[in-house]
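[1] Coordinates for the following, if possible.
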Amino acid sequence: MSLGESLQQRWYADRPPPWWTLPVAALYRAITRVRRALYQRGWKRSERLPVPVIVVGNITVGGAGKTPLVIALVEALRERGFNPGVVSRGYGGSAQAPMLLDDDPDPRVVGDEPALIKLRTGAPVAIGRDRPCAARLLLKGGADAVIADDGLQHYALARDVEVCVVDGARRFGNARLLPAGPLREPLSRLSEMDFVVCNGSEPRGGEIPMHLQAGAAFALRDPASTRALGSFAGQRVHAVAGIGYPARFFAMLRGHGVEVIEHPFADHYTYSAFDLAFGDELPVLMTEKDAVKCRSFAGENAWAVPVRACLQPAFFLMISEKLARLP
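    The predicted structure is shown next:
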């Protein structure tokens with residue numbers, strides 16, 4: 001077990017963090033506070049774009065459902081007459097300079113999440129460590145609204161709306177800052193958010209409920225070939241998940257009656273054909289985020305399971321109303 005895996009187990013269990021993480025967490029808190037204050041007081045510059053900017057992120061490390069929510073926001077804004085674009089860090093990709101994604105993005109270059117967003121929505125997607133520079137590429141392409149994926153802690157890009165996604169199952173673990181706990185920012189940061197969305201479980205105190213609904217699985221070799229997820233019920237399958245919280249994917253499959261052989265991988269894992277060679281003919285089911293990285297070498301028994309973020313229409317109405325009130 002790696003150090004990171006060991007720490008995560010402690011974060012979400014009733015076990016104290018290792019002693020050495022406490023002074024590091026105190027230093028992390030101080031750095032985070034100073035950095036935020038520099039932007040708040042104008043000593044570091046936040047660039048404001050001439051179009052609305054919606055930031056989607058979380059205050060914990062690991063997956064919480066940000067990417068499905070970004071996709072849902074793209075679709076909702078389109079329905080309301082916007083031409084939204086998405087800006088992302090491009091984590092896991094090799095690209096060094098800001099760039100716009102083409103219609104067949106290579107996740108090894110641009111990162112798996114931006115590639116997935118582009119393939120699912122067809123919306124303009126730009127990546128770059130320099131978020132404002134990448135966002136300007138979207139404006140040149142005609143975007144009239146920008147959604148920043150996983151951008152809460154990237155203050156160089158000014159934002160009009162902040163949306164924090166909370167993992168309803170794991171919540172905030174031991175509520176400590178990194179590396180003693182899973183928090184990127186203190187819990188007090190939640191009070192500054194425009195919207196807090198709870199993915200799964202029961203929302204608390206004004207949180208907006210969201211759940212992920214699985215769609216029909218599609219074959220990686222032939223995406224036009226689909227199977228209802230329920231058709232795998234009672235079958236043993238290899239389940240592959242290289243996401244922030246693989247257990248969520250495995251639980252979803254079991255909820256549809258599928259007998260799961262778990263194969264968890266690290267978030268943003270770079271796959272090879274060897275990783276999917278399980279030595280039998282059982283179906284291989286994986287997340288859509290993993291599928292974008294396995295299309296070139298997956299076997300005929302490999303299937304991707306897409307998910308859709310389901311939220312109350314009132315949430316998207318509140319987003320639209322907030323954008324309409326902007327100067």
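
[2] Could you pull out the buried residues of the helix or strand of the chain with the lowest mean pLDDT?
    The weakest-scoring helix or strand in the chain, judged by mean pLDDT, DSSP states H and E, is helix 3-11 (a mean of 82). By neighbour count with 16 or more other Cβ atoms under 10 Å, helix 3-11 contains the buried residues 7-8, 10-11. For glycine as for every other residue, the C-beta is placed from the backbone atoms N, C-alpha and C.

[3] Which stretches in the stretch 151-300 of the chain count as helices?
    Secondary structure of the stretch 151-300 of the chain (DSSP state H, counting those that start in this stretch): helices located at 246-255, 288-294.

[4] what's the shortest one packed up against?
    Using 3 or more Cβ pairs under 8 Å, 6 or more residues apart in numbering; DSSP states H and E, the elements in contact with helix 288-294 are helix 107-110, helix 112-121, strand 302-305.

[5] Of all the residues in the last one, which ones are buried?
    To tie it back to what came earlier, the one meant is strand 302-305. Those would be 302-305, for strand 302-305 by 16+ other Cβ under 10 Å.

[6] for the residues you listed, which one is nearest residue 311?
    residue 305 (19.8 Å; Cβ to Cβ).

[7] who are the neighbours in contact with the residue nearest to the closest one when sequence neighbours are not counted?
    Using Cβ to Cβ, 6 or more residues apart in numbering and skipping residues adjacent in sequence, the residue nearest residue 305 is residue 217, 5.0 Å away. Counting by Cβ atoms under 8 Å, 6 or more residues apart in numbering, residue 217 touches 226-229, 232, 285, 303-305.

[8] Go through the residues you listed and say which is closest to residue 129.
    Closest approach to residue 129 among the contacts of residue 217 (Cβ to Cβ): residue 304, at 28.7 Å.

[9] And for the residue nearest to that closest one when sequence neighbours are not counted, the neighbour number?
    With sequence-adjacent residues excluded and distances taken as Cβ to Cβ, 6+ apart, residue 304 is closest to residue 291, at 3.5 Å. For residue 291, the count of nearby residues is 27 (other Cβ atoms under 10 Å).

[10] quick one: residue 165 and residue 58 touch, right?
    Yes: counting by Cβ atoms under 8 Å, residue 58 is a contact partner of residue 165 at 4.9 Å.

[11] Could you tell me which residues touch both of these two?
    Common neighbours of residue 165 and residue 58 (Cβ under 8 Å, 6+ apart) are 64, 66.

[12] can you pull out the strands in the stretch 201-327 of the chain?
    208-214, 217-219, 226-227, 236-241, 259-264, 284-287, 302-305, 307-311 (DSSP state E, counting those that start in this stretch).

[13] which of those sits most buried?
    strand 284-287 (a mean of 26; mean count of other Cβ atoms under 10 Å).

[14] hmm, back to that, give the next helix or strand downstream of the least confident helix or strand of the chain.
    As assigned by DSSP states H and E, the chain's next helix or strand after helix 3-11 is helix 21-40.

[15] List of residues touching that following helix?
    7, 17, 44-46, 155-156, 176-181, 184-186.

[16] that older thread, bridge partners for the residue nearest to residue 305, pull those for me.
    Per DSSP bridges, the residues bridged to residue 217 are residue 227.

[17] for the buried residues of helix 3-11, which one is nearest residue 98?
    Among those, and counting by Cβ to Cβ, the member closest to residue 98 is residue 8, at 31.6 Å.

[18] I'd say the closest one and residue 182 touch.
    Yes: applying Cβ under 8 Å as the test, residue 8 and residue 182 come out as touching, 7.3 Å apart.

[19] Common neighbours of these two, please.
    Joint contacts of residue 8 and residue 182 (Cβ under 8 Å, 6+ apart) are residue 62.

[20] rewinding a little: looking at the buried residues of helix 3-11, which is nearest residue 109?
    So of the buried residues of helix 3-11, ranked by how close each gets to residue 109 (Cβ to Cβ), first place is residue 8, at 28.5 Å.

[21] Which one of the strands of the stretch 201-327 of the chain lies nearest to residue 135?
    strand 307-311 (22.5 Å).

[22] Show me the contact partners of the closest one.
    Contacts of strand 307-311 (Cβ under 8 Å, 6+ apart): 65, 68-69, 71-72, 197, 199, 208-215, 252, 287-288.

[23] what mean pLDDT would you report for that strand?
    Here strand 307-311 scores 97 as its mean pLDDT.

[24] what's the answer for stretch 166-185, then?
    Mean predicted confidence for stretch 166-185 is 95.

[25] Would you mind writing the CA trace of that stretch as CSV?
    Extracted in CSV, the C-alpha atoms of stretch 166-185 (Å, rounded to 0.1, in the frame of the first residue of the first chain):
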residue,chain,number,x,y,z
VAL,A,166,-19.6,17.3,-2.0
ASP,A,167,-19.2,13.6,-1.9
GLY,A,168,-22.4,12.6,0.0
ALA,A,169,-21.0,9.3,1.1
ARG,A,170,-17.6,10.3,2.4
ARG,A,171,-18.4,14.0,3.1
PHE,A,172,-15.2,15.6,4.5
GLY,A,173,-13.6,12.7,6.3
ASN,A,174,-11.9,13.8,9.5
ALA,A,175,-12.3,17.5,8.4
ARG,A,176,-8.5,18.2,8.5
LEU,A,177,-6.4,19.9,6.0
LEU,A,178,-3.9,18.1,3.8
PRO,A,179,-2.0,15.9,4.5
ALA,A,180,-3.6,15.2,7.9
GLY,A,181,-7.0,15.0,6.2
PRO,A,182,-8.6,15.4,2.7
LEU,A,183,-9.4,19.1,2.8
ARG,A,184,-7.8,21.5,0.2
GLU,A,185,-9.4,24.4,2.0
